[in-house]
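*Asks:* just coords:
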């Protein structure tokens, strides 16, 4: 049970129907099609839909109560004793309910944001803390103004630690999420280039990410990428822990080593950890999990075991077998110049392959700097890469920049998936390694599926 109908009435005091205190709510949903057990239905309103139109579907699928916008007509077919809580805006009510439920359960809340690595870091922290605490975390990327409240309301009543991912597109959004979640611990993984179209500069992105402390308790802790100069303003917060590779950090990675299926990294305290992910950037993500796990009293050996067995979200540097014995890296969940360069750096270090091919697509939301930032990817491409194949409007800037820089690397740009797939079929052989990297909207998983 999450709460009772009577508890809901304390928050939303304009209501009707039978509010029996013994009737529990087990689930909260915004999807009328979803089968629920004693569910509370919250009908959201969008540009092309109105959830209020589907209240009878929700009722037939197990909803036993609903929030309701005051200006909507209650359907006559709905039973008279069906509990309705009237609100001025159902989205605001969803967020208010989540904040109240977070206070009711009162777990230790860990909030994570950053341009890259949010989901991976969330999964790592969750995996480490699950070993010692009843831990609930964001599933998938439910990290926005709807997903975060739903994640909170999906939290079991005995939850001790709540791990939340926070995403954003513009100023003010992280601040709003922070006030809902009221984090005790916050993490900023890094500052990249995503959302430059809205935030204008990396300094603007850093300012937006730092909003994560707006709802944090005064004695909370903020963990940051200490190698990032744009986060120096974070030190206005009293409890800042810096993590990174530079010697001036509070917690330091002294060495990393990439092997076939894992990355090893050693900290300045001499302890070594292994993660089934490839790249120095993943070592830094794991360092946040190590540091927070240590603060929460998890033993080093337990942390080491949790990280070594980590299960990560698909399409994030997921290694799969392709046709003719080729190896495919599916890193096409999302992309920014920072994450694309990091992925290419990992490919350059991977051993045992006769040919290495980069299949790169457009990176979105880079604003007026898009062409220049696509060109900057060429800075990390050298003769350890055999071919660069690009698809998309701005991705052609990558292949052009590589070709101008090094004539020894085969570069081709494609205007259609069909032409790209045809070329890939001709060059995919045993001991070929292919990296697929692009923003999610490029749907590179469709190309990978053909291989």
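*Replies:* Yep, that arrived. In this text the structure is predicted, and so the values were computed from the model without any measurement.
*Asks:* so how far is residue 277 from the residue positioned nearest the centre of the chain?
*Replies:* By Cα atoms, centre = their mean, the chain has its centre lying nearest to residue 119, at 3.4 Å. For residue 119, the distance to residue 277 equals 12 Å [Cβ to Cβ, to the nearest Å]. Yep, even glycine has a C-beta here, placed from its N, CA and C like the rest.
*Asks:* repeat that for residue 13.
*Replies:* From residue 13 to residue 277 the distance is 49 Å (Cβ to Cβ).
*Asks:* who has more neighbours, the two?
*Replies:* Under the criterion of other Cβ atoms under 10 Å, the comparison of residue 13 against residue 277 puts residue 277 first, with 24 against 9.
*Asks:* assign the more buried one to helix, strand or coil.
*Replies:* coil (DSSP: H, G, I helix; E, B strand; the rest coil).
*Asks:* I'd say it and residue 311 touch.
*Replies:* No. In terms of Cβ atoms under 8 Å, residue 277 does not count as a neighbour of residue 311; the distance is 10.8 Å.
*Asks:* now the lowest-mean-pLDDT helix or strand in the chain: buried residues?
*Replies:* Every helix and strand of the chain was ranked by mean pLDDT, DSSP states H and E. The lowest is helix 196-199, at a mean of 71. Residues of helix 196-199 classed as buried by neighbour count (16 or more other Cβ atoms under 10 Å): 196, 198, 199.
*Asks:* so what's the first one up against?
*Replies:* By that I understand residue 196. Going by Cβ atoms under 8 Å, 6 or more residues apart in numbering, residue 196 touches 202, 205, 365, 366, 367, 369, 373.
*Asks:* list the residues that contact the third one.
*Replies:* Residue 365 makes contact with 169, 194, 195, 196, 197, 198, 439, according to Cβ under 8 Å, 6+ apart.
*Asks:* wait, the last one touches residue 333, no?
*Replies:* No. With contact taken as Cβ under 8 Å, residue 439 and residue 333 are classed as non-touching, separated by 9.1 Å.
*Asks:* wait, is residue 289 part of a helix?
*Replies:* Yes. Residue 289 sits within a helix when classified using three-state DSSP.
*Asks:* okay, and the residue nearest to the centre of the chain sits in which element?
*Replies:* Taking DSSP states H and E as the definition, one finds residue 119 inside helix 118-130.
*Asks:* pLDDT on the helix or strand following that helix, on average?
*Replies:* Downstream of helix 118-130, the first helix or strand assigned by DSSP H and E is strand 135-137. For strand 135-137, the mean per-residue pLDDT is 96.
*Asks:* run the chain-centre distance for strand 135-137.
*Replies:* Averaging C-alpha positions (Cα atoms, centre = their mean, to the nearest Å) puts strand 135-137 15 Å from its chain's average.
*Asks:* what's it packed up against?
*Replies:* Other elements packing on strand 135-137 under the criterion 3 or more Cβ pairs under 8 Å, 6 or more residues apart in numbering; DSSP states H and E are helix 118-130, strand 161-165.
*Asks:* next secondary structure element downstream of it?
*Replies:* On the C-terminal side of strand 135-137, the nearest following helix or strand under DSSP H and E is helix 147-153.
*Asks:* so what's the gap between that next one and the chain middle?
*Replies:* 14 Å.
*Asks:* also stretch 224-242?
*Replies:* 21 Å.
*Asks:* same deal with stretch 3-19?
*Replies:* Computed by Cα atoms, centre = their mean, the chain-centroid distance of stretch 3-19 equals 34 Å.
*Asks:* buried sites along it?
*Replies:* 3, 4, 5, 7, 8, 11, 12, 15, 17, 19.
*Asks:* cool, and stretch 154-173?
*Replies:* Quick answer for stretch 154-173 (16+ other Cβ under 10 Å): 154-155, 159-168, 173.
*Asks:* and what of stretch 210-230?
*Replies:* Those would be 210-216, 220-228, 230, for stretch 210-230 by 16+ other Cβ under 10 Å.
*Asks:* low-confidence stretches in the stretch 251-400 of the chain?
*Replies:* By pLDDT under 70, the low-scoring segments of the stretch 251-400 of the chain are 312-315.
*Asks:* going along the chain, name the strands of it.
*Replies:* 251-258, 263-267, 272-275, 318-321, 327-330, 355-361, 387-391 (DSSP state E, counting those that start in this stretch).
*Asks:* quick one, which of these is nearest to residue 97?
*Replies:* Nearest of the strands of the stretch 251-400 of the chain to residue 97, taken as Cβ to Cβ: strand 318-321 at 35.6 Å.
*Asks:* returning to what we had before: just flag the most distant two among the contacts of residue 365.
*Replies:* The farthest-apart pair in those, when distances are taken by Cβ to Cβ, is 198 and 439, at 15.1 Å.
*Asks:* still on that earlier bit, could you single out the nearest of the buried residues of stretch 154-173 to residue 284?
*Replies:* Looking across the buried residues of stretch 154-173 and measuring by Cβ to Cβ, the closest to residue 284 is residue 165, at 16.7 Å.
*Asks:* so who does the closest one touch?
*Replies:* By Cβ under 8 Å, 6+ apart, residue 165 lies in contact with 111, 112, 113, 118, 119, 122, 138, 141, 142, 143, 148.
*Asks:* one step back: I'd like the buried residues of helix 196-199 as a markdown table, with distance to residue 430 appended.
*Replies:* Shown next, in a markdown table, are those (distance: Cβ to Cβ, whole Å):
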| residue | distance to residue 430 |
| --- | --- |
| 196 | 40 |
| 198 | 45 |
| 199 | 45 |
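*Asks:* ok, of those, which one's closest to residue 32?
*Replies:* Distance to residue 32 across the buried residues of helix 196-199 (Cβ to Cβ) is lowest for residue 198, with 32.1 Å.
*Asks:* now stretch 140-149: mean pLDDT?
*Replies:* 90.
*Asks:* residue 244 bridge partners, please.
*Replies:* Beta-bridge pairing for residue 244 (DSSP bridges): residue 252.
*Asks:* i'd like the first residue to be 98 from this point on
*Replies:* Yes, from this point I'll number from 98; that puts the last item at residue 341.
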